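> what's the 3D shape of this:
(one chain, ligands or ions: 2)
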Amino acid sequence: MSWEESTKNKMLNLQLPTDPRWVDIASMNLGDILVDHAYCEQKAASSCISLILKYPDLELLVDTLTPVVAEEWAHFERVMDQLRKRNIPFGWPRKDEYVVRLAQFVKKGGNRMQQLTEQLLMNALIEARSCERFKLLWKNLQDEELKKFYYELMVSEAGHYVNFLELARHYQDEAKVEARWKEWLAQEAKIISELEMRDDRVH
Ligand SMILES: [Fe+2]
Ligand SMILES: [Fe+2]
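Numbers count the residues shown, from 1 in each chain. Ligands and ions are numbered 1, 2, ... in the order given. Reported below is the predicted structural model:
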């Protein structure tokens, strides 16, 4: 079974596919996409580090996310290589409206394990959406090197998506996780439908 078939059902948990016009406009503005992408990788590494710092007592979490930090940082380095190669300046981070909107959906209060569930599910969604967008870039870009690059990142982010969901199910009652996951999926689809489609953002 191909990678695509084996992960299709898991990936397509996302309730709203990206508007196919996004990849058309994004591919015309690869400089801005790569800069935004570099920051996404940086944030992915830093959010794993934050989880490890907040939950050092959770052995499976620490052991699962430690290598993910290294992978995300390696992704960051690889995006930086692409920027340098193309003489695209790195510059300052841009406001990440997608993540801001997701963060607003995090349930306030609750005990620390409930907060952990919220963080893990939010991270799982960001991985899933990134993976979906990388798939579009892989399939639609003309540049052979970038196609291969986005294929590899798509596979890696799919693995992270599974890591976050499995951790959520490990540390919280599964029925509670499933119920909350459905709410998160619906909210993410709503956010995607409301966000302006931009040629300079990964999300
Ligand atoms: Fe990544
Ligand atoms: Fe990731």
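> And the strand or helix carrying residue 128, what does it pack against?
Using DSSP states H and E, residue 128 falls within helix 112-140. Other helices and strands packing on helix 112-140, by 3 or more C-beta pairs under 8 Å, 6 or more residues apart in numbering; DSSP states H and E, are helix 3-11, helix 21-27, helix 30-54, helix 97-104, helix 144-171, helix 174-194. C-beta coordinates here come from the backbone N, C-alpha and C atoms, glycine included.
> Next to ligand 1 in this structure, residues from the chain, please.
Residues of the chain lying close to ligand 1 by C-beta under 5 Å from the ion are 41, 44, 72, 75.
> Return the closest of the residues you listed with respect to residue 109.
residue 44 (26.0 Å; C-beta to C-beta).
> Please name the nearest non-neighbouring residue to the closest one.
Once flanking residues are discounted, residue 44 sits nearest to residue 72: 4.2 Å by C-beta to C-beta, 6 or more residues apart in numbering.
> what do you get for residue 166?
In space, and not counting its chain neighbours, residue 166 is closest to residue 64: 7.8 Å by C-beta to C-beta, 6+ apart.
> what's the helix or strand where the one you found lies packed up against?
For residue 64, the element it lies in under DSSP H and E is helix 59-85. Counting contacts by 3+ C-beta pairs under 8 Å, 6+ apart, helix 59-85 packs against helix 30-54, helix 144-171.
> the inter-axis angle of the shortest one versus helix 112-140?
Counting by axes from the mean of the first three to the mean of the last three C-alpha atoms, to 10 degrees, helix 30-54 points 160 degrees away from the direction of helix 112-140.
> Would you mark the buried spots in helix 30-54?
30, 32-45, 47-49, 51-52 (16 or more other C-beta atoms under 10 Å).
> Check the gap between the residue of the chain found nearest ligand 1 and residue 56 for me.
Nearest residue of the chain to ligand 1, counting by C-beta to the ion: residue 75, 3.8 Å away. Separation of residue 75 from residue 56 (C-beta to C-beta, to the nearest Å): 24 Å.
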